[in-house]
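Student: Got a sequence here, can you build the structure:
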Amino acid sequence: MRKVLYLFALSLLVLCCTGKPAPERAWTDTSVVYEMNVRQFTPEGTFAAAQRQLPRLKALGVDIIWLMPIYPIGELERKGSLGSYYAIRDYCDVNPEFGTLNDFYVFLAEAHDQGFKVILDWVANHTSPDHPWVTEKPADWYYRDSLGHTIVEYDWTDIAKLNYGRPEVGEAMRDCMRFWVKRGVDGFRCDVAYQVPQEFWEATIPALREEAGRELYFLAEGEETWLHDAGFDATYAWKLHHLVNDIAQSKADGDSLARYVAWNAENYPADAKRLSFTSNHDENSWSGTEFERMGDAWKAMTVLCWTLPESQPLIYTGQEIGWDHRFEFFEKDPVPATAWKANEYTGFYEYLTGLRHDHPALDPGSSFKLLKVSPTSISYRRQAGSDKVTVKVDLAEPWSYSVKCK
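Tutor: Got it, this is the predicted structure:
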């Protein structure tokens, strides 16, 4: 009886529809994000080579290009021969592996001309241990052990953690972000944003927006609700990501998914954007491709990630051609030039980007109604004004889906 009442309550998880035309759509609401791993995106691994691929991404339906960190990488404690993008030695220059600063400006200008927004991966939590700040600034700019050595987190032995208890650290970091905003970037994906104090983001995000005099997009790697209070447009839907992996591996079911939808609605603002994905740079390199983790369920799980409430979808480098390979993280390991050919996977993602762009019902803040749920299937309707999208996904073999629009 309790389960019946619970499912009935979930079925009432509906935001009222007025029947009026949907309001004008903001680009931050309608966008599809593409995470570009510049090192692996082309055999050359350069801005110039990536620039030549922009028309293909435009045809795919991409709106926001998120560039993984493009900055010079530290040499001290470097991992592998090329190092981690996230061990940054200089926030205001580019990795010579990718080209020159001017090469980046040319890439950015061309991307803008083709209608893209470009955001940079920003690493505010830590630097490389040989960043000039380590020796040129006061010792308490960094967390240090009893011997004065900078400290690391997890197994990140190639970084030094910044101490935001020192106000000058936040001021210096804002200045570095300001450097790129003045040069025309459209925002930032902020690495481990939840480990950086809320006060820093609350001071930085509105200040940069005001100074820019234009819309800037901020994506937080983190699921903490306070990140939205701090000004972020979007947060990672990590819980959903792990759930669809579990469903694909028969470790969770439709009831689990319905509980997630209720949890998300209860904990996040109605118009919050939740980055939804079946892969990204971390998942691909360390946990495996979507095909490894999800098997034949990958397509049905992708449809969920693109159509559930507040979802802002992500495509990671190579997904649009079904590239079934774990990229080396610290070495050159590119997609071969011959592999970049449109195929069935390309068609699938073009279909999804078309849905996203054509239907306000899939925007954050639109209404949601759970129509039916069972352990092996779920169906729901999204609606904005008169636009309706109805989705049904089978959560077991044969992992099918249907999407109806009107």
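
Student: Can you show me the strands along the stretch 251-400 of the chain?
Tutor: Under the criterion DSSP state E, counting those that start in this stretch, strands of the stretch 251-400 of the chain are mapped to 273-276, 311-316, 367-374, 377-384, 387-394.

Student: Reformat those into TSV and put mean neighbour count next to each item.
Tutor: In short, each C-beta sits where N, CA and C put it, glycine included. Formatted as TSV, the entries for the strands of the stretch 251-400 of the chain read as follows, by neighbours: other Cβ atoms under 10 Å:
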stretch	mean neighbour count
strand 273-276	24
strand 311-316	25
strand 367-374	18
strand 377-384	21
strand 387-394	20
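
Student: Assign a three-state SS to Gly170, would you?
Tutor: For Gly170, the secondary-structure state derived from DSSP: H, G, I helix; E, B strand; the rest coil is helix.

Student: If you tally nearby residues, what's the number for it?
Tutor: Around Gly170 there are 20 other residues, counting by other Cβ atoms under 10 Å.

Student: Quick one: residues contacting it.
Tutor: When contacts are counted by Cβ atoms under 8 Å, 6 or more residues apart in numbering, Gly170 is found next to 164, 199-200, 203-204.

Student: Lys392 is in contact with Thr307, correct?
Tutor: No. Distance between Thr307 and Lys392: 10.4 Å, which falls outside the contact criterion (Cβ atoms under 8 Å).

Student: rewinding a little: compare the strands of the stretch 251-400 of the chain and report which one is nearest to Val94.
Tutor: Nearest to Val94 among these is strand 311-316; the distance by Cβ to Cβ comes to 21.6 Å.

Student: Do a quick rundown of the helices in the stretch 151-300 of the chain.
Tutor: Remark: helices of the stretch 151-300 of the chain, listed N- to C-terminal, are 167-182, 198-212, 226-229, 238-248, 254-267, 281-282, 290-294, 298-307; assignment by DSSP state H, counting those that start in this stretch.

Student: Pick the most buried one from those.
Tutor: The highest mean neighbour count among the helices of the stretch 151-300 of the chain belongs to helix 298-307 (a mean of 22), with neighbours defined as mean count of other Cβ atoms under 10 Å.

Student: any idea which residue sits dead centre in the chain?
Tutor: If you average the C-alpha coordinates of the chain and look for the closest C-alpha using Cα atoms, centre = their mean, you land on Leu275, 5.2 Å from that point.

Student: Could you measure from the residue nearest to Pro43 when sequence neighbours are not counted over to Gln40?
Tutor: For Pro43, ignoring the flanking residues on the chain, the nearest one in space by Cβ to Cβ, 6 or more residues apart in numbering is Pro334 at 5.0 Å. Between Pro334 and Gln40 the computed distance is 5 Å (Cβ to Cβ, to the nearest Å).

Student: quick one, which of these two is more surrounded?
Tutor: When Pro334 and Gln40 are compared for neighbours, Gln40 comes out ahead with 24 against 19, by other Cβ under 10 Å.

Student: helices or strands next to the helix or strand hosting that one in the packing?
Tutor: Using DSSP states H and E, the element containing Gln40 is helix 38-41. With contacts taken as 3 or more Cβ pairs under 8 Å, 6 or more residues apart in numbering; DSSP states H and E, helix 38-41 sits against helix 47-51.

Student: quick one: contacts of the helix it packs on?
Tutor: Outside helix 47-51, the residues that reach it (Cβ under 8 Å, 6+ apart) are 36, 38, 41-43, 70, 94, 98-99, 103-104, 106-107, 110-111.

Student: re earlier: mind checking which of the strands of the stretch 251-400 of the chain is nearest Gly222?
Tutor: strand 273-276 (10.3 Å).

Student: List the contacts of Asp363.
Tutor: Applying Cβ under 8 Å, 6+ apart, one finds that Asp363 lies in contact with 22, 25, 29-30, 384.

Student: Let me know the closest of the residues you listed to Met177.
Tutor: Within the contacts of Asp363, proximity to Met177 (Cβ to Cβ) peaks at Asp29, which comes in at 23.4 Å.

Student: List the contacts of the closest one.
Tutor: For Asp29, the residues meeting the contact criterion (Cβ under 8 Å, 6+ apart) are 271, 273, 363-365.

Student: Return the closest of these with respect to Ser146.
Tutor: Taking Cβ to Cβ as the measure, Ser146 sits nearest to Lys273 out of the contacts of Asp29, at 42.9 Å.

Student: which non-adjacent residue is nearest the closest one?
Tutor: For Lys273, ignoring the flanking residues on the chain, the nearest one in space by Cβ to Cβ, 6+ apart is Ala234 at 3.7 Å.

Student: for the one you found, what are its contacts?
Tutor: With the criterion set at Cβ under 8 Å, 6+ apart, Ala234 makes contact with 28, 217-220, 272-275, 312.

Student: what is it paired to in the beta sheet?
Tutor: The bridge-partner assignment for Ala234, based on DSSP bridges, gives Leu219, Lys273.

Student: Gly231 is in contact with Phe200, isn't it?
Tutor: No. At 10.7 Å, Gly231 and Phe200 do not qualify as touching, with contact defined as Cβ under 8 Å.
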